[in-house]
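Peer 1: generate coordinates for the sequence data below:
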Amino acid sequence: MMKAIALLSGGLDSTLAAKIVIEEGIELEALNFLTVFCNCTHRGETCLASQKAVEGLGIPLKVLNVSEEYLTVVKHPKHGYGRNMNPCIDCRIFMLKKAKDYMESSGASFIITGEVLGQRPMSQRREAMRLIEKESDLEGFILRPLSAKFLPASIPEQKGWINREKLLNISGRSRKPQIQLAEHYGIRDYPCPAGGCLLTDPGFARRIRDLMAHDPGFSLSDVHLLKIGRHFRLSPKLKLVVGRNEEDNKKLETFAHEEDVLLKAAHHPGPLSLLRGEEIPPEEIERAAAITTRYGKEKDLEHVEVRYWKGSEDSHHSLTVSPMPMSRLRELMIGE
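Peer 2: Numbering: from 1, shown residues only. This is a model prediction of the structure:
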């Protein structure tokens, strides 16, 4: 039996593409890539949407975490960014190169994707698809079942591994054909239908753009921090993150470095804040404390005591500040 690898996000398009190929008698294995920018994951270990999809399809799933390598793509995309900070063309090339390696090692003969011609303005244009195939060294070996009849016949079609007449001619941004097809196949639950990449989110894009401008050598830890709380740029070398809730507060403690300063109100419930920078002068600790108190129960008080420390709270210091006015906060905030 001929075997193929399906790139499966768990969204509707990739699930339908896999279903069409399975019905053609192809042995299929799903491949899902995790990065730090995915927002459909469970504890960063597996994609909930793809896991649910393969359970319905009855096929195995291989999950690869490529976060560390993918940072280079985000920092230096050869083909640029989309509307926000999404390097869609470079992302597809990167993922398909990885998929090609896995295809060859697993004994598969071609790759399936759920791409729809014209659905996404950057990576799903006809010329972009040709470019992506060429640069991933997969020319002719990518089958796109949903739009196949609008595209040149792939090698699997040419060789008769799959019947081109059973493939579809969907194009454009409307999802009505896919929804109708899902009803036909009895597919009713398809989370993350438009993808789950934080780089397409305008607020997150502003945060990572700020990080790249002030710390080009940023790490995975810095990216994890972007996903937590409210962010403030105090100076080119200094940044503050304020927790929004108890979960954020716990995460900030987890991601804190030894040289980071942590702050919280001494006598009132409120957020934990993390101050990070190469040098942290006393006046900036005071400013960070004033921001922190604005989001706590004491925001209407004239004077608030704040504790701050590095490493262990047992060695904390204290200072008294007035909560910062909201107008000033907005000037400092990054990507609300």
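Peer 1: first-to-last residue distance for stretch 231-242?
Peer 2: Its first and final residues considered, stretch 231-242 spans 7 Å by CA to CA, to the nearest Å.
Peer 1: so what touches it?
Peer 2: Contact partners of stretch 231-242, identified using CB atoms under 8 Å, 6 or more residues apart in numbering, comprise 207, 210, 214, 225, 228-230, 252, 271, 273-280, 284, 287-288, 291-292, 295, 329, 332-335. In this view, the C-beta of every residue, glycine as well, is placed from N, C-alpha and C.
Peer 1: contacting residues for the spatially most central residue of the chain?
Peer 2: Centroid-nearest residue in the chain: residue 37, 2.3 Å away (criterion: CA atoms, centre = their mean). Contacts of residue 37 were listed using CB under 8 Å, 6+ apart, and they are 70, 74, 197-199, 223.
Peer 1: pick out the lowest-pLDDT one from the residues you listed.
Peer 2: Taking pLDDT as the measure, these have their low point at residue 197 (89).
Peer 1: got the phi and psi for it?
Peer 2: Residue 197 adopts backbone torsions of phi -100, psi 120, taken as degrees, to the nearest 10.
Peer 1: how many residues are close by it?
Peer 2: Summarising burial for residue 197: neighbours were counted as other CB atoms under 10 Å, giving 21.
Peer 1: and it, what is it in contact with?
Peer 2: Contacts here follow CB under 8 Å, 6+ apart; on that basis residue 197 touches 37-39, 86.
Peer 1: switch to 7 Å and redo it
Peer 2: Applying CB atoms under 7 Å, 6 or more residues apart in numbering, one finds that residue 197 lies in contact with 37-38, 86.
Peer 1: who does it bridge with?
Peer 2: With DSSP bridges as the criterion, the beta-bridge partners of residue 197 are residue 38.
Peer 1: so what pLDDT did residue 38 get?
Peer 2: Residue 38 carries a pLDDT score of 87 in this model.
Peer 1: for residue 42, that is, sorry about that
Peer 2: At residue 42 the predicted local distance difference test score is 52.
Peer 1: go on, residue 48?
Peer 2: In the predicted model, residue 48 carries a pLDDT score of 78.
Peer 1: other SSEs contacting the longest helix that the chain contains?
Peer 2: When the chain is scanned for its longest helix (criterion: DSSP state H), the result is helix 88-106. Helices and strands touching helix 88-106, by 3 or more CB pairs under 7 Å, 6 or more residues apart in numbering; DSSP states H and E, are strand 3-7, strand 27-34, helix 67-75, helix 126-135.
Peer 1: recalculate using a threshold of 10 Å.
Peer 2: Secondary-structure packing of helix 88-106 (3 or more CB pairs under 10 Å, 6 or more residues apart in numbering; DSSP states H and E): strand 3-7, strand 27-34, strand 61-65, helix 67-75, strand 110-112, helix 126-135, strand 142-143.
Peer 1: can I get these in CSV including mean neighbour count and distance to residue 316?
Peer 2: As requested, the helices and strands packed on helix 88-106 are exported to CSV (neighbours: other CB atoms under 10 Å; distance: least, CB to CB, whole Å):
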stretch, mean neighbour count, distance to residue 316
strand 3-7, 23, 49
strand 27-34, 22, 37
strand 61-65, 16, 36
helix 67-75, 16, 34
strand 110-112, 25, 55
helix 126-135, 16, 53
strand 142-143, 25, 57
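Peer 1: which of the contacts of stretch 231-242 count as buried?
Peer 2: For those, a burial check counting by 16 or more other CB atoms under 10 Å picks out 207, 210, 225, 228-230, 252, 271, 273-277, 280, 284, 287-288, 291-292, 295, 329, 332-335.
Peer 1: out of these, which sit inside strands?
Peer 2: When strands are assigned by DSSP state E, the members of the buried ones among the contacts of stretch 231-242 inside them are 230, 273-277, 333-334.
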